[in-house]
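In: No letters, just coordinates:
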């Protein structure tokens, strides 16, 4: 801190500052009067920036001598340091004159805060000019690269989105912060209520489990979930140009500039588990799915199937949890440039590997609507639509016409309407258009009505009149569902006839039109129930009905451009019609959509379908069949590894060295028993660990009884049949069909045991994760028939290199 000045020194310093301030003002006036040419001429007098620096230093020294008497030596050193800094900043500017340099030095010496405002502004301009020069250099470098590599320049327009497509991509961009349903619940009910509800529903076993510190945008991983290291088997890759071209030919569409097509791929192990899953589904035993999850916890198809099982049991919380796990399974595979926020990434629905993810999102949307989380449901529905807007395979647009109004996203709905209308030519040909959907026409009118602050509803009334004239089939259904009274002569109009099914309709497109009318009325009737909206709807219908054709009915030809577009799309594009049917089929178990099956053709409803892949698209590339599972490995079959690998695996399965040696000796002492297990003792240990204690005991009895004879004693067994194999066949019958002897699995596994089992699983990614066997059960069975081993003697034998053989101390009864 500088020493305090006395009154005389302070007075001298004030006079000096006043003198310097006057000189600065005069210098600024002179600078403003000088023209730009004079400034350049003065700058050229200095031969280089070094001369300007020397001149500045001389002025700084003279100023320093004048103020030496007013300040101490310590403050003088600080002042010199500031002067040198100011001089170095002024050096690069060739346009600065010596007058400017001296002025800045004088100002610097008199201003404790540093540079003046004018100097800061000049430096800022110099930095901006330097940045501009750097940008020019970068443009020049890019231009040179374009000349050297013209092939890169030609490929750029194919990847750059147009203005219209960029607008659509921004509308399809997902808001990650609104994908959290729990956050929306907290906004409704408060943090304390949600926290208390979660605490009361958490079990003791779940509370003991460690929370997974894993990030996820689609879900919120819970502590009861399996460790994330178990996820495996899914990978993401971009479609090649060849595949994209085949896709556009299949759907008779044109590419939208800027879109990127992707697909998920299964590993051989994941494909093998999918094959086991299909066998479980065909067997009709849902309990077997739990055993499958114990071996492969993150299998999306199994998780979605179990979610369906719990939903039918009305255990909605557990069903929702399994849907979250399925979403998490796929999200972990979406690495790299695939993200949900760009709005330009697409998944090819024609590949069966992608379809479980679409199904999981669709069920999530339906479940969120059931729970009242409409904002989160809207975001997931937007994600579902953005994954494949070219076909909208699960009918996400049929959710969005309701959710956009309900969640307060009316402007988004209007923007999508405008964005799709701006596509010209064949760019949007063959794709589902919002103008061709009845629900969107009525939702658009309602969106405009909700944004009109004044009592003047001219625009919204015009939009509603267009909707009524284009799709009159919605009017009677919506009036009935929303309890809106219409005059009798209006209700009796032929255009307002209600069709309960497709029996009275001759065209497939007419059946789809009335199906969509029923869907919108069921889902969005609550939006029209407020008194003002109901009155507005009734008045508009009454004034519009006379303009409708008296011949307008379900079998007439379209009379408006939007109606013509609808009939053209859904009559000529089977994939779009299948999207509507699939939407109803998925929602059958979760809503009253099953009543609308009368509008779906019989060949669709009677076809063989799987709940994991409802109504595969007619343009599909593959599906779950023999060709898809060709070459898949059996994940439950023991792999024949080296002797060292088998020994390490056995050590991990049976940590007790004494009992492990005892089991090895038993296996070696019974060759007729050992030859029934091609995988060796590892396969035997795996099967024995999955068997109940009583079944394992019966198996051991059969081995002991047959051991003295060394043959099957003519009991009618086939050559090579293992004694006691009937027990194994009963245990693993669902798994044995089409998989052979080595493919055995216990389907009866309790879910809580699965969760407790996952706590002890080794998370080493370099080695195969193996659960320790129930050694206690095996030891009890072994001790019952061959006696308890002497632990101390066995350990001594192992230390001396002698094998610890089986000791039959008590014999066999």
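Out: On my side now, so go ahead. Owing to the predicted nature of the structure, the values given are computational and were not obtained by experimental measurement.
In: Can you list the low-confidence ranges for the stretch 601-750 of the chain?
Out: Low-confidence regions of the stretch 601-750 of the chain, defined here as pLDDT under 70, cover residues 637-643, 672-680, 686-750.
In: same deal with the stretch 451-600 of the chain?
Out: Judged against pLDDT under 70, the low-scoring parts of the stretch 451-600 of the chain cover residues 550-560, 590-593.
In: For it, which segments are assigned as helices?
Out: Across the stretch 451-600 of the chain, reading from the start of the chain, the helices by DSSP state H, counting those that start in this stretch fall at 458-470, 474-481, 488-491, 508-524, 531-544, 561-572, 574-587.
In: Among those helices, which comes closest to residue 341?
Out: helix 574-587 (24.9 Å; C-beta to C-beta). Yep, even glycine has a C-beta here, placed from its N, CA and C like the rest.
In: got the angle for the closest one vs helix 561-572?
Out: 90 degrees (axes from the mean of the first three to the mean of the last three C-alpha atoms, to 10 degrees).
In: after helix 574-587, next one along is what?
Out: Tracing the chain C-terminally past helix 574-587 and defining elements by DSSP states H and E, one meets helix 602-605 next.
In: List the buried residues for the helix or strand encompassing residue 417?
Out: Counting by DSSP H and E, the element that carries residue 417 is helix 410-421. Buried residues in helix 410-421, defined by neighbour count with 16 or more other C-beta atoms under 10 Å: 410, 412-414, 416-417, 419-420.
In: As TSV, those with pLDDT would be great.
Out: Converted to TSV, the buried residues of helix 410-421 look like this (pLDDT from 0 to 100):
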residue	pLDDT
410	95
412	96
413	96
414	96
416	95
417	94
419	90
420	89
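In: now the residues you listed as CSV including distance to residue 684?
Out: Shown next, in CSV, are the buried residues of helix 410-421 (distance: C-beta to C-beta, whole Å):
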residue, distance to residue 684
410, 66
412, 62
413, 63
414, 68
416, 62
417, 66
419, 64
420, 63
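In: For stretch 180-195, buried residues please.
Out: Under the neighbour-count criterion of 16+ other C-beta under 10 Å, stretch 180-195 has 180-181, 183-185, 194 buried.
In: Please apply the same query to stretch 494-503.
Out: 495-497, 499, 502.
In: okay, how far is it across it, tip to tip?
Out: The first residue of stretch 494-503 is 17 Å away from its last residue (C-alpha to C-alpha, to the nearest Å).
In: do the same with stretch 586-606
Out: With C-alpha to C-alpha as the measure, stretch 586-606 spans 15 Å from end to end.
In: Residue 237 should be in a strand, yeah?
Out: Yes. The assignment for residue 237 (DSSP: H, G, I helix; E, B strand; the rest coil) places it in a strand.
In: what pLDDT does it get?
Out: With respect to pLDDT, residue 237 scores 92.
In: Just confirm it contacts residue 266, I think it does.
Out: No. Under the criterion of C-beta atoms under 8 Å, residue 237 is not in contact with residue 266, lying 11.8 Å apart.
In: Compare the two (neighbour count), which wins?
Out: Neighbours per residue, other C-beta atoms under 10 Å: of residue 237 and residue 266, the larger number sits with residue 266, 17 against 11.
In: what sits opposite that one in the beta ladder?
Out: Residues found in beta-bridge contact with residue 266 (criterion: DSSP bridges) are residue 234.
In: just checking, it touches residue 274?
Out: Yes. With contact defined as C-beta under 8 Å, residue 266 reaches residue 274; the gap is 6.8 Å.
In: Now the common contact residues for these two.
Out: Taking C-beta atoms under 8 Å, 6 or more residues apart in numbering as the contact rule, residue 266 and residue 274 touch no residue in common.
In: What count of nearby residues applies to residue 516?
Out: As a burial measure, the neighbour count of residue 516 was computed by other C-beta under 10 Å and equals 28.
In: how close does it sit to residue 214?
Out: With distances taken as C-beta to C-beta, to the nearest Å, residue 516 is found 40 Å from residue 214.
In: Next: residue 429.
Out: Separation of residue 429 from residue 214 (C-beta to C-beta): 43 Å.
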